[in-house]
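1. Kindly generate the corresponding structure for this input.
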Amino acid sequence: MQTIFKRGEDLKHNEAKRELQSYLGLLLENENLTEILNRTRAGGSLKAVQYDREIMSGGKTDISSSIARIETVTEMYYKKVNENNFLCQQIEIRINSIENIIYRNILRMKYIQGRKLGYVANFLKYNYDYVRRLNGRAISHYSKKIK
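-> The predicted structure is shown next:
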């Protein structure tokens, strides 16, 4: 899942909305990758394996290529987690650059916290249809370039 973050450029309304909607997906992907990485680490360090040790089958097997592949995949996972964190930070920076606090709050509640617009309307003590319109305006402000 890749966002379309363009620093210093305007986004189209649909691009901005997709970028905002990707936030929770990025967090979920990071959660899954982190869980996999933690399970990998729980098994011990891969570098501590003795490559020339005899295995149960009775012969010696070179497993260095398998270990190298595991280390490569682990590095890719770490890189993806860092990339996702960076993209989430960029989305938050863009939201924080919006001057109108109501627009910022609506975007944070809907796209960062994952709340429904009905909840947002109730929380802000506004009519649902009004919050729906404000959400559209907030996305328009989000899509404008960051100065």
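2. Where does the most centrally placed residue in the chain sit, in terms of helix or strand?
-> Residue closest to the average C-alpha location in the chain (C-alpha atoms, centre = their mean): Leu26, at 2.2 Å. Using DSSP states H and E, the element containing Leu26 is helix 13-42.
3. Ok, Ile98 next?
-> For Ile98, there is no host helix or strand (DSSP H and E).
4. List the residues that contact it.
-> By C-beta atoms under 8 Å, 6 or more residues apart in numbering, the residues touching Ile98 are Arg104, Leu107, Ala138, His141, Tyr142. The way it works is simple: take the backbone N, C-alpha and C, and place the C-beta from them, glycine included.
5. State the distance from it to His13.
-> Here the criterion is C-beta to C-beta, to the nearest Å. By it, Ile98 lies 15 Å from His13.
6. circling back: secondary structure element for the closest residue in space to the residue nearest to the centre of the chain that isn't next to it in sequence, which one?
-> Leaving aside its sequence neighbours, Leu26 sits nearest to Asn84 (C-beta to C-beta, 6 or more residues apart in numbering; 4.4 Å). Using DSSP H and E, Asn84 falls within helix 64-96.
7. what's that helix packed up against?
-> Judged by 3 or more C-beta pairs under 8 Å, 6 or more residues apart in numbering; DSSP states H and E, helix 64-96 is in contact with helix 13-42, helix 101-107.
8. Give the buried residues for the shortest one.
-> Buried residues in helix 101-107, defined by neighbour count with 16 or more other C-beta atoms under 10 Å: Tyr103, Arg104, Asn105, Ile106, Leu107.
9. want to throw those residues into TSV with distance to Thr40 and pLDDT?
-> Below are those laid out as TSV (distance: C-beta to C-beta, whole Å; pLDDT from 0 to 100):
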residue	distance to Thr40	pLDDT
Tyr103	42	97
Arg104	38	97
Asn105	39	97
Ile106	39	98
Leu107	35	98
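10. Pick the one among the residues you listed closest to Glu71.
-> Distance to Glu71 across the buried residues of helix 101-107 (C-beta to C-beta) is lowest for Leu107, with 39.3 Å.
11. Surely the closest one touches Ile95?
-> Yes: the pair Leu107 / Ile95 is scored as a contact, 4.9 Å apart, by C-beta atoms under 8 Å.
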